[in-house]
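Asker: missing the sequence, but the structure's below:
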Ligand code: DGI
Ligand code: FE
Ligand code: FE
Ligand code: FE
C-alpha cells in the first residue's frame, strides 16, 4: 500500500499545477469536514488525494476502462466530465492498492453523488464543492451551509450544478437527481 507521501508524489505528478492546488484544497477541506462531522480524517484525506486522479486521462482510455470492467455502462450515455470519478476509483484500487470500500466509494461518487451517500461520500463530495480555490456563484452560501449541515451544503451544491447544466441545455446524469432527492428526504 502507498504511504500518504507516496500517494501525494505520484498523484501530483499526473496533473497540471492548478488541479493539484485544487486537490490540496479538497484534502484540507475534507479533513476539516471529517473532524467536524465525525468521519475518519486520514481516510477522508486519502480519498481527497485520489479523487481527481483520472481527471486528465484521455477520453478513449476512460471509455475503454468503463467498457471493459465492472463500471456503470450508463456513464457512456452521459457527459464525459462524469467519467473520471468512477474511473478514478478503479485506478485507486488497481494502481494504488486502495482496498477500503469507504475510500473507493467516496472517489466513485464524488461527482454524481448517489442514493444513500455515506458520511465519507458526503465529506469528499462537499469538500470538492467548497475547497478554498473554488469560485462560482453561490459558493459562499454553500460554505456557510456546510458549517451547519453536510446535507444542506450538498443539496445546495447539487442544485447549483443542476441549474448550471439546465442553463446550458446539457444532459443530466439521473444519479445526480436521485442523490439530491435522497438528501432532501434524509432531512425530512
Ligand atoms: O472534477 P472537478 O472539476 O473537481 O469537479 P466534479 O468532479 O464535481 O465535476 C466535474 C463536472 O461534471 C462539473 O463541472 C459538472 C459536470 N457534469 C456534467 N454532467 C453532470 C455533471 N455533474 C453532475 N453532478 N451531474 C451531471 O449530470
Ligand atoms: Fe472530480
Ligand atoms: Fe475535484
Ligand atoms: Fe453560520
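Answerer: On my side now, so go ahead. Owing to the predicted nature of the structure, the values given are computational and were not obtained by experimental measurement. Ligands and ions are numbered 1, 2, ... in the order given.

Asker: pLDDT score for the residue nearest in space to the middle of the chain?
Answerer: Nearest to the mean C-alpha position of the chain, by CA atoms, centre = their mean, lies residue 110 at 2.1 Å. Note for residue 110: predicted pLDDT of 98.

Asker: ok, it - contacts?
Answerer: Residues counted as contacts of residue 110 (CB atoms under 8 Å, 6 or more residues apart in numbering) are 47, 51, 85, 88, 121, 124, 125, 128. Where C-beta positions appear, they are placed from N, C-alpha and C, glycine not excepted.

Asker: my guess is the last one meets residue 26, correct?
Answerer: Yes - with contacts counted by CB atoms under 8 Å, residue 128 reaches residue 26, the gap being 5.4 Å.

Asker: State the phi and psi torsions of the nearest residue to residue 96 once chain neighbours are set aside.
Answerer: In space, and not counting its chain neighbours, residue 96 is closest to residue 2: 5.3 Å by CB to CB, 6 or more residues apart in numbering. Per-residue torsions, residue 2: phi -70, psi 140 (degrees, to the nearest 10).

Asker: and residue 2, how many residues sit next to it?
Answerer: Using other CB atoms under 10 Å, residue 2 has 18 neighbouring residues.

Asker: contacting residues around the longest helix seen in the chain?
Answerer: Using DSSP state H, we find that the single longest helix of the chain is helix 17-37. Helix 17-37 has contacts (CB under 8 Å, 6+ apart) with 11-12, 15, 39-41, 43-45, 47-49, 51-52, 55-56, 119-120, 122-124, 126-128, 130-134, 146, 150.

Asker: circling back to that earlier point, going by neighbour count, which of the contacts of residue 110 comes out on top?
Answerer: residue 47 (34 neighbours).

Asker: Does it touch residue 125 like I think?
Answerer: No - taking contacts as CB under 8 Å, residue 47 lies outside contact range of residue 125: 10.0 Å.

Asker: So for those two, which residues contact both of them?
Answerer: Counting by CB under 8 Å, 6+ apart, the contacts common to residue 47 and residue 125 are 106, 110.

Asker: re the thing from before, buried sites along the longest helix of the chain?
Answerer: Judged by neighbour count (16 or more other CB atoms under 10 Å), helix 17-37 contains these buried residues: 20, 22-27, 29-34.
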